[in-house]
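Asks: Okay, here's the prediction I keep looking at, along with the sequence it came from:
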Amino acid sequence: MAKSPGTLEQLRDQYGPHLNYTPDGGWSREPRTKPDRLVKTHCCFCGQQCGIQLKVRENHIIGFEPWEDFPFNRGMLCPKGVKRYLQSNHQDRLLDPLLRTDRGFVKSSWEEAMSFTARRLREVQDRYGKDSVAVYGGASLTTEKSYLMGKFARVALGTRHIDYNGRLCMVSAGVAYKLAFDVDRSPIPWSEIPKAQVIFAIGANVGECAPITTDYIWRCRDNGGKLIVADPRMTPISRNADLFLPLRPGTDLALLNAMLHVVLRDNLQDDTFIEQHTSGFEAVKASVERFDPRMAAEMTGVPPEAIEKAAHMFARADRAIAMHARGLEHQSKGVENCSALINLTLATGHLGREGCGCTMITGQGNGQGGREHGQKCDQLPGQRSLLDPKAREHVAGVWGISPDELPQPGYSAQEIMNAIHAGEIKALFSICFNPAVSLPNADFTREALEKLEFFAVTDFFLSETARYADVVLAGSLQEEEEGVTCSAEGRVIHIQRAVEPPANARRDSEIICDLARRLGKGKFFPFETPREIFEELREASRGGHADYYGITYEKIDTQMGVFWPCPGLDHPGTPHLMQDGISFYPDGKCRFQLAKWRESGDPVDATFPIYLTTGRVVSQYLSGTQTRRIGGLVDIYPEPRVEIHPRMAEQHGIVDRDWVTITTRRSEITLQASVVRTIRPDTVFIPYHWADRKSANMLTHRTLDPRSKIPEFKVSACSIRKADGAPSWATAEQLVKIDSPGAVK
Amino acid sequence: MYGYEFYVDPSRCIGCQSCVKACEECDTHRGHSMINFDFVDRAETIATAAYVCWHCEDPTCAQVCPADAIKKGEDGVVMSALKPRCIACENCVLACPFGIPKIIPEYEQMMKCDMCYDRTSVGKKPMCATVCPSQALAYLRPEEIAARRETPSNVFYFGAQKIITQVYMMTASGSDSVTLDIADFMWEKANV
């Protein structure tokens, strides 16, 4: 079946990743300074969605210019934004569809590739039923494409099973905010951050994963604000923390419940807010009774005095903001963790006022917009529930089908892979998702992909996942199709088409609509342009919580973005949700949620006594499909390293840059050590952007949060030993031991 | 740009190297960055520092140049060595107390930060200070920098040598020690 064609070396020779260092035409080409035009658009990478101007000449992107008028980032960019233009005109770019043959991948015509794809999808569904085909989408797609994927799965294929890689991002926060407020969006725009007196950042490596947010936090400090950081590692923002809480991986819940315990013990809660704006307080109050700071200190490894101080700082401030990211969310109790943070926010009345709130820092480019309009396994456009009869009726009406034809909720991303492994799902259509790198337990993922009877991938580069495909459809980059995305702060912004797809590559939405036509559902996919998709999306979202009805491309351009909900054409949008503490529930109350302690799905024991946590580095993005192809970014942090505290290093006879083997209950990998005093001595950290034997996800486990279905990337149990030697993939450069412990280059 | 000054604040630096990468993009550098970037001591701390040329009032690099190749403009910006004059002798590299000048072997020329002459001369901010996500490198009006908690200074002492610079260093106040070991903040039953 879908075994990788050819050896890894052959595939890498042909499809990369190769490194692109220089702009199209080289550095000295005169026209580089004289582009035909500057296109005001946004970065293709993370959820900050910074404004940027792309320099375009003759259908090539030749550089960038900061966009200082865009209010979110005011010209600021991280290195990924600076170098993002180098993904265009890249030698690895897929320019034609590819078909798997005995000789490896061969180029094909679109007609051949598309008719083959449609035929195989139909064959599998005819033989095994509608739900034997699953669809994977992605959170780097524009909202139009995300919407289209949801409709494609449910109308063109009629399958229950569509989910997306945003499942690996902030879904725990999404569930918790839905439970508390009945809406899944950051309650505040980032402009509130500098107004807070206390910022509490937990499980959020802001400096590396949301770099622009750093400036908002520094400006808060300029205004006299204090910063509390809780993390198993000292990340860059911790250098200016007024209070640093080095918590043990997976113990956030104990810390947050203990902080609430202290708030209530010392009578620092906001009784008026609790009385007027919330429900469920008494049960939560009782549940945190046992989390006294001494007991929490044993669980978290944070001193009781520090827990008390954090609680006092947060509660005594008139204005405070709690912010969190994947550290809190990537756990098998990710929803409980976020609920505990919301409980703390509600109990202290830090909601619905200036400089107050709790906020998730959504990580993926369109992590927010990509989850609002039907790409999630349980949701319909407008952030509506697929189980809600009224929602089904509304969306089915917009789509011109009967509500009965709409499938019921299906499996989430990891559950789809589990079902493929179990033989229940036989075919997969995937776009913008690289599960071979990004899902936990990579060996399991590989086994599953090899079992597929049919696998179609749409992508612009041959990702590690696409190696397993029967057909690869050469799709488009972000800068090749117009659309909207929604940033971490809930601002809907306009992505411009700066260039056309090169050679025979096609725009993603054309591929999807073409395929729908070939599946006999063309009348539901009459779209010629993204604008037409957006017009339908506006109607489909109308009346939902994520109401886009009043948003137009023109309004976005005029206002520099529109915050949803925006229910009418004359409505300006809603930057600050829940002003005056009124939630989206019919009664307007915010709901306290019980946040019960649960052990990790991969607990430490005598054999695996060390905590493994994974995350990102500033120069790479997600599974690295794009950023591992950009030379200037790869140079900053070329290979994954294992961060180890000197105390652990000494115990195991390890010095900086030694090769070490990390073993978990799944597998083992061998990487170079980075011995640093900035990580807890009971924890190791590995960034996850790399593939194959360098993949941190060889080690992670498939335990999911039961509600959000997020994998527990942030907590695994492992052991460590000095490796016998370098792994076979080590480069000559790595084999030379460089005696400069200060330099991580 | 009239009314703007360049400020460097290492305490805000998050080590992302956006400045380094953006500087490479300049058409006159052709892939070479003129930013000085350091992991202060990665084994001990996450602290990083990025800085540009300080553009001294009386530049040491120019003083020691045997070819008289290093010039300061009327606006106080100290330029890269003049290509026809530079002999790539590295006197400037050795003499600069801040470690700024670099010899680019392929050009046989000393190149350094020129404060983005091509940008500032047409009313744009220098590239590094425009993109810097933490505004550790910032190009601002004095009244804007006054809103910060740190204070600017442009007087440096290197032994007996006093140097006044055009670029300002933001100096912290109030802290007399820095704790670098995460373990010092931890609560542990038994040490690992």
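Replies: Perfect, thanks for sending it.

Asks: Is there contact, residue-wise, from the biggest strand by length in chain B to chain A?
Replies: If you go by DSSP state E, chain B has its longest strand at strand B:161-171. No: Strand B:161-171 lies apart from chain A when judged by C-beta under 8 Å from any C-beta of the partner chain; the minimum separation is 11.0 Å. Just so you know, the C-beta spots here come from the backbone N, C-alpha and C atoms, and that holds for glycine as well.

Asks: Please export the C-alpha coordinates of that strand as PDB.
Replies: Presented in PDB, the C-alpha positions along strand B:161-171 are these (Å, rounded to 0.1, in the frame of the first residue of the first chain):
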ATOM      1  CA  GLN B 161      39.100  56.000  27.500                       C
ATOM      2  CA  LYS B 162      35.800  57.900  27.600                       C
ATOM      3  CA  ILE B 163      33.600  57.500  24.600                       C
ATOM      4  CA  ILE B 164      30.500  59.400  23.800                       C
ATOM      5  CA  THR B 165      28.300  57.800  21.200                       C
ATOM      6  CA  GLN B 166      25.300  58.700  19.100                       C
ATOM      7  CA  VAL B 167      23.500  55.500  19.900                       C
ATOM      8  CA  TYR B 168      22.100  55.200  23.400                       C
ATOM      9  CA  MET B 169      22.300  52.300  25.800                       C
ATOM     10  CA  MET B 170      19.300  51.700  28.000                       C
ATOM     11  CA  THR B 171      20.500  51.100  31.600                       C
END
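
Asks: Identify the residues contacting it?
Replies: Around strand B:161-171, the neighbours that count as contacts under C-beta atoms under 8 Å, 6 or more residues apart in numbering or on different chains are B:5-12, B:52-58, B:60, B:76-77, B:97, B:145, B:148, B:150-157.

Asks: Is the longest helix belonging to chain B positioned near chain A?
Replies: For chain B, the helix reaching the highest residue count under DSSP state H is reported as helix B:18-24. Yes: counting by C-beta under 8 Å from any C-beta, chain A has neighbours in helix B:18-24: B:18, B:20-22, B:24.

Asks: Of these - the most surrounded one?
Replies: Looking at the residues of helix B:18-24 next to chain A with neighbours defined as other C-beta atoms under 10 Å in any protein chain shown, the largest count falls to B:Ser18 at 33 neighbours.

Asks: Do I have it right that that one meets A:Cys78?
Replies: Yes: in this structure B:Ser18 lies within contact range of A:Cys78 using C-beta atoms under 8 Å: 5.1 Å.

Asks: Which residues lie in contact with A:Pro249 in this structure?
Replies: Counting by C-beta under 8 Å, 6+ apart, A:Pro249 touches A:232, A:611-613, A:683, A:714-715.

Asks: Could you measure from B:Val131 over to chain A?
Replies: In this structure, B:Val131 and chain A are 4 Å apart, going by C-beta to the nearest C-beta, to the nearest Å.

Asks: can you pull the contacts of that residue?
Replies: Shown here is B:Val131, whose contacts under the criterion C-beta under 8 Å, 6+ apart are A:66, A:75-77, A:81-82, B:18-19, B:22.

Asks: on that earlier part again, hmm, which of the contacts of strand B:161-171 are the buried ones?
Replies: With neighbours counted by 16 or more other C-beta atoms under 10 Å in any protein chain shown, the contacts of strand B:161-171 contain buried members at B:5-12, B:52-56, B:60, B:77, B:145, B:148, B:150, B:152, B:154.

Asks: Which of those fall in strands?
Replies: Filtering those for membership in strands, criterion DSSP E, returns B:5-8, B:152, B:154.

Asks: tell me the helices in the stretch 451-600 of chain A, going along the chain?
Replies: Along the stretch 451-600 of chain A, the segments classed as helices by DSSP state H, counting those that start in this stretch run A:508-518, A:530-541, A:553-559.

Asks: wait, which of those helices is closest to A:Ser583?
Replies: Ranking those by their distance to A:Ser583 (criterion: C-beta to C-beta) puts helix A:530-541 first, at 19.6 Å.

Asks: Taking helix A:508-518 as reference, get the angle to the closest one.
Replies: Inter-element angle recorded for helix A:530-541 and helix A:508-518: 70 degrees (by axes from the mean of the first three to the mean of the last three C-alpha atoms, to 10 degrees).

Asks: In chain B, where is pLDDT below threshold?
Replies: Judged by pLDDT under 70, chain B has its weakly predicted residues at B:173-182, B:184-185, B:189-192.

Asks: could you redo the last one with a cut-off of 80?
Replies: In the predicted model, chain B carries pLDDT under 80 at residues B:1, B:27, B:158-160, B:172-192.

Asks: which stretches of it form strands?
Replies: Under DSSP E, chain B gives strands at B:5-8, B:36-39, B:48-51, B:102-104, B:109-111, B:137-140, B:151-158, B:161-171.

Asks: Return the most buried member of these.
Replies: Of all the strands of chain B, strand B:137-140 carries the top mean neighbour count, a mean of 24, counting by mean count of other C-beta atoms under 10 Å in any protein chain shown.

Asks: helices or strands next to it in the packing?
Replies: Taking 3 or more C-beta pairs under 8 Å, 6 or more residues apart in numbering or on different chains; DSSP states H and E as the contact definition, the neighbouring helices and strands of strand B:137-140 are strand B:5-8, helix B:127-131.

Asks: and A:Glu282, helix, strand or coil?
Replies: Per DSSP: H, G, I helix; E, B strand; the rest coil, the secondary structure class of A:Glu282 is helix.

Asks: How many neighbouring residues does it have?
Replies: In terms of burial, A:Glu282 registers 10 neighbours under the definition other C-beta under 10 Å.

Asks: mind listing what A:His689 touches?
Replies: Contacts were defined as C-beta under 8 Å, 6+ apart; by that measure A:His689 touches A:437, A:616-617, A:620-624, A:627-628, A:640.

Asks: again with A:Asn205
Replies: Listed by C-beta under 8 Å, 6+ apart, the contact partners of A:Asn205 are A:231, A:233, A:235-237, A:325, A:327, A:615-616.

Asks: Same check on B:Asn36?
Replies: If you count contacts by C-beta under 8 Å, 6+ apart, B:Asn36 has them with B:50-52, B:98-100.

Asks: ok, and of the residues you listed, which contact chain A?
Replies: Near chain A, taking C-beta under 8 Å from any C-beta as the test, no member of the contacts of B:Asn36 is found.

Asks: ok, those residues vs B:Glu188, which is closest?
Replies: Closest approach to B:Glu188 among the contacts of B:Asn36 (C-beta to C-beta): B:Ala50, at 35.2 Å.

Asks: Helices along the stretch 51-200 of chain A, start to end?
Replies: Secondary structure of the stretch 51-200 of chain A (DSSP H, counting those that start in this stretch): helices located at A:79-83, A:110-128, A:143-151, A:171-181.

Asks: still on that earlier bit, find residues that contact each of B:Ser18 and A:Cys78.
Replies: Counting by C-beta under 8 Å, 6+ apart, the residues touching both B:Ser18 and A:Cys78 are A:211, B:133.

Asks: Pull up the residues of the stretch 501-650 of chain A that are close to chain B.
Replies: Residues of the stretch 501-650 of chain A found near chain B, taking C-beta under 8 Å from any C-beta as the criterion, are A:618-619, A:632-633, A:636, A:645-648.

Asks: Recalculate using a threshold of 6 Å.
Replies: Residues of the stretch 501-650 of chain A lying close to chain B by C-beta under 6 Å from any C-beta of the partner chain are A:618, A:632, A:636.

Asks: Can you name the residues that contact the first one?
Replies: A:Val618 makes contact with A:208, B:16, according to C-beta atoms under 6 Å, 6 or more residues apart in numbering or on different chains.

Asks: Grab the nearest non-local neighbour of A:Leu38.
Replies: The spatial neighbour of A:Leu38 that comes closest, neighbours along the chain excluded (C-beta to C-beta, 6 or more residues apart in numbering or on different chains), is A:Gln53 at 4.4 Å.
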